[in-house]
Structures are given as C-alpha cells and as structure tokens.
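Enquirer: Structure, please.
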Amino acid sequence: MKKSTKSGLIVLILLVCAIVAYSVYTFRNSDKEVSSKPSEISTYRVAEDSDSYDPTLAREYKRNFIAALYIEGTISEANQTYNQKWLMNTIRNLKNNSNNAALAIFINSPGGAVYQADEVYLALNDYKTTGRPIYVYQGPMAASGGYYISCAGDKIYANRNTLTGCIGVIMGSSYDLTGLFDKIGIKSETIHSGKNKNMFNYNEPVTDEQRAIMQSMCDECYDQFVSIVAKSRSIQYNTCCKISDGRLYSAKQALELRLVDAIDSWDNMLRDLAENELKKPGIKVETFKYQKKQNVYEMLTGKALELETAKAAAQLGVPADVIKSMNNENRFTPMYLAPQ
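Expert: Below you'll find the predicted structure:
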C-alpha cells in the first residue's frame, strides 16, 4: 500500500472515530438540552431610570425577576429552534419559583402543531393561577399557533412590522400519484383493513367521504381556536369568525381588530410591565431561550436524506416537496400554521 494511501486511510478512520465519539457524547448529554436554565444572555434591569425608581424600596424586591421567555420557530415536539419539553419544563419551573414576578414572552413563530400549541397555552394559563401577569410581545411573526399562544397573555404588544393573526387550521395534504405511476410503469399497493385506513396515501385517490372526515377534524380545531381568541380578546364569537379566515394581519390591522393591545418596542413593553403592572421599577430581567446543541450526526444524515429525496423526485419528475410531504409522519396532524 502506498504511503499516501495509508495516510489518507488513517485520516479517514480518525475522522469517523471523531464523529462517532461526538455523536455518543451528544446523545448522552441530550437531556441537558431540555433543562430550563437561563441562556447565557446576561441578566439586566428594567425601568431603573424611571422617576418612580427608589433604590431603597428596590431592595425589597432585589431577588425578584421578570422571566423573558423566548418562543421561536415552528411549534412541534422538537426541532432546531423549538423544544416542547424544554418549554413546558421552563414554564412549570417559573411557576414554582417564588422569586419570579411575571412572564414577558417574546414570540417569533409561524405556528405549528395544534397539540403542542394548546399544551403551551394551557400551561401559561396554569401559570396565571399564581396571580402573576403575562405580557406577550410579537416579533417578526406571531401567526396561527404563535397567535394562539399569545392569547394566554394579559396584554399583547406587537412590533410595528409584525405579521400576526392567520387564525385557521391546515391539515392532511394529499398527492395522488396513481396516474403518474401508470404512465411510467410503477405499481404500488398497500394491504389494509378498513376502507379509510389508507386514506391520503399517494397510491390511492381521495374519496368524498375521506375529505369529509378530514374536514370535520379541521373544523373542530378551528372552532377551538376561534373560541379562545373570542374569549381572550373579548370579541363576539360571530365577529371573531369573520376575521378568522386564515389571513395574516399587519400590526396596525391587528390593533384595529383588537387582536393586539399596543404597537411598541420590546423595551417599552418591559418598562410597562415593571413600572405600571408590577410597580417594581429596576426589577431584574432574566432571559430563558432554547439553544440546541449542534449534532454532527444529525447534520450529516439530514444532508444525505435531502440528496436522496432530490434524486427520487428527479427520477419521478415531481417536485422534491411532494416527496417530503409523502414521507412526512405528521401529514395528518392538524396544524395552526401560517403558509411558508
């Protein structure tokens, strides 16, 4: 064996060992990803320059803090920017922390799964049983499930460039590829019991009955969403239905429709919460933000899957998104999700 070939083989073996070792380390420490400790962003104080700030009185609440809780990305069980277990643990731990005075929630999300969005909404309402306030700030986007969660807030602020609303449900995309398969000579058959067991699979056309089944579940989730918006925003149900047609609203439009309470900055919302709501100017703000550790194995396998999906799509002559949708295990999951 040539010396250069030997060296290359040694480098390859070392690289593989390094990847395996890192993956094992990441797996063993995966529970740490869902701890509810504050992120590395430093703690700071708010409204310390207020006319009502009194250093002597502030000593009485020097251990108190507002929790700045960030909810970002698509709402699901877990992804690169969002983790349901971490979020639920964080809310529960803050509820049980007597030094926590309030929640200031920053939302930047297009929404996501109905189940997870409702879990967060219910957890926030449980937090409010402590009598502590929740203020919500909507960042670049707080749509669909992001708006659903916002409804747990006692007060909703929006940035002047926020996109919000999108009150509606999307569920069960279907691709009927039977005609394409006939054309290129592919036969696909799924053995199943129950006439609707294989519904929305790509190898069988969708029936009217199956459309009605999916629509009924969609409508149930939609009614739940509209009812929550109507109750939390004190809007008549019928009026709420009219504005809940799935469209996105600008911050100005949302304010006119009473979907938000104010258009202002994050800093001014914190000032309002500290100075006017809590009567504690100069109170600390601690940041809680999910940060996923980079996993080399996931990154490499993800890239490999993307290449295989693109290759399969090219061979079939269909868009890659169709293949992704066919392989999506959540394709029947009702979603409070804005179009992307």
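
Enquirer: Now do the helices in the stretch 101-250 of the chain.
Expert: Taking DSSP state H, counting those that start in this stretch to define them, one finds helices in the stretch 101-250 of the chain at 114-127, 145-150, 178-184, 208-232, 237-243.

Enquirer: want to throw those helices into a markdown table with mean neighbour count?
Expert: Glycine gets a C-beta too; all of them are placed from N, C-alpha and C. Listed next are the helices of the stretch 101-250 of the chain as a markdown table, based on neighbours: other Cβ atoms under 10 Å:
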| stretch | mean neighbour count |
| --- | --- |
| helix 114-127 | 19 |
| helix 145-150 | 30 |
| helix 178-184 | 12 |
| helix 208-232 | 15 |
| helix 237-243 | 14 |
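
Enquirer: Need the ones you listed in CSV (columns: distance to S98 and mean pLDDT).
Expert: Output for the helices of the stretch 101-250 of the chain, formatted as CSV (distance: least, Cβ to Cβ, whole Å; pLDDT from 0 to 100):
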stretch, distance to S98, mean pLDDT
helix 114-127, 13, 97
helix 145-150, 25, 98
helix 178-184, 62, 69
helix 208-232, 27, 93
helix 237-243, 37, 97
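
Enquirer: Can you add distance to I263 and give those back as TSV?
Expert: Formatted as TSV, these follow (distance: least, Cβ to Cβ, whole Å):
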stretch	distance to I263
helix 114-127	22
helix 145-150	14
helix 178-184	49
helix 208-232	19
helix 237-243	18
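
Enquirer: Could you pull up the contacting residues of N198?
Expert: Neighbouring residues of N198 by Cβ atoms under 8 Å, 6 or more residues apart in numbering: 190, 192, 204.

Enquirer: Which among the residues you listed count as buried?
Expert: When those are checked for burial by 16 or more other Cβ atoms under 10 Å, the buried set is E204.

Enquirer: re earlier: which of the helices of the stretch 101-250 of the chain sits closest to D267?
Expert: helix 145-150 (18.9 Å; Cβ to Cβ).

Enquirer: tell me how far that closest one is from the chain's mean position?
Expert: The chain centre lies 9 Å from the centre of helix 145-150; the measure is Cα atoms, centre = their mean, to the nearest Å.

Enquirer: Report the lowest-confidence entry in the contacts of N198.
Expert: The pLDDT minimum for the contacts of N198 sits at T190, where the score is 70.
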